[in-house]
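S.K.: Got a sequence here, can you model it:
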Amino acid sequence: MTFSKEHSAGFVANHMARLFAHGLARRIAPLGLAPAQFMVLLELWQEDGLTQHDLVTRLDVEQATMSNTLRRMERDGLIVRRAHDHDRRARRICLTDKARALQAAAIRAAQDQNETALASLSDAERAHLMALMHKVVGAMRRNWGD
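M.R.: Modelled structure (predicted):
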């Protein structure tokens, strides 16, 4: 079999991710959010006060990318940086009231995007797809250095 994009898991996953991101971007733009900001907010809505290092690790992004995203979020009034209780070098990233107020609408937008994307799948197919994607992500994280 010759290599083609239709048979490349990487190509298909990347294509699907771009389409998801584009759809999400359209849905959260009226809230003043970008997809990268939304991903950070999801982590902070779950656990406010994480460090930049925590966010880099949890979201598997480059330090410079996270730094730029957090700078924009701070400029937009979504986060503030506070001193860390136990590490004078680290800063905690904390949500503002503005960011907390966006949570319900932003999550609803993401749920709508997911529903649109997965509409042609049965509940069992959705569960299977999610399980397989998590399995692949886990394998890639374990082999990150390869």
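S.K.: Every contact and neighbour count from this point should use C-alpha atoms.
M.R.: OK.
S.K.: Now do the residue nearest to the spatial centre of the chain, the pLDDT please.
M.R.: The residue lying closest to the centre of the chain (C-alpha atoms, centre = their mean) is residue 39, at 2.9 Å. As predicted, residue 39 sits at a pLDDT of 96.
S.K.: show me what contacts it?
M.R.: When contacts are counted by C-alpha atoms under 8 Å, 6 or more residues apart in numbering, residue 39 touches residue 59.
S.K.: Confirm it sits in a helix?
M.R.: Yes - under DSSP: H, G, I helix; E, B strand; the rest coil, residue 39 sits within a helix.
S.K.: low pLDDT regions in the chain?
M.R.: 1-2, 145-146 (pLDDT under 70).
S.K.: That one: strands as residue ranges?
M.R.: 50-51, 79-83, 91-95 (DSSP state E).
S.K.: Packing partners of the second one?
M.R.: By that I understand strand 79-83. Strand 79-83 is packed against helix 63-75, strand 91-95, with contacts defined by 3 or more C-alpha pairs under 8 Å, 6 or more residues apart in numbering; DSSP states H and E.
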